[in-house]
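Engineer: Model the following, please.
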Amino acid sequence: MNDAPGITPKSTITCPECGHRSTDVMPTDACQFFYDCKGCGAVLRPLQGDCCVYCSYGDVKCPPIQAGAGCQD
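Structural biologist: As a prediction, the model looks like this:
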């Protein structure tokens, strides 16, 4: 995978329900609206005002936000 310069492709999501942490490679061309927790199975959705689950629960914002492009549907 060719990553854009200055873009961090991985983020660690922390589930607000059970605290499980999972490091994943984020999609580079779209925002991810749903995420199934690998610990408890909860379906995570972005918090109000965030474009994706990585922006809400991850330690790194999604690639479109990192690039300054904003949310891409």
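
Engineer: tell me the helices in this protein, going along the chain?
Structural biologist: Assigned by DSSP state H, the chain shows helices spanning 53-57, 63-66.

Engineer: who's in contact with the nearest residue to residue 18 once chain neighbours are set aside?
Structural biologist: The spatially closest residue to residue 18, leaving aside those adjacent along the chain, is residue 40, at 4.0 Å (C-beta to C-beta, 6 or more residues apart in numbering). Any C-beta I mention is one placed from the backbone N, CA and C, and that applies to glycine too. By C-beta atoms under 8 Å, 6 or more residues apart in numbering, the residues touching residue 40 are 15, 17, 18, 20.

Engineer: so can I have JSON lines of these showing distance to residue 34?
Structural biologist: Converted to JSON lines, those look like this (distance: C-beta to C-beta, whole Å):
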{"residue": "15", "distance to residue 34": "13"}
{"residue": "17", "distance to residue 34": "14"}
{"residue": "18", "distance to residue 34": "17"}
{"residue": "20", "distance to residue 34": "16"}
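
Engineer: mind checking how far the most centrally placed residue in the chain is from residue 6?
Structural biologist: Computing the C-alpha centroid of the chain and ranking residues by C-alpha atoms, centre = their mean puts residue 54 first, at 1.9 Å. Per C-beta to C-beta, to the nearest Å, residue 54 is found 16 Å from residue 6.
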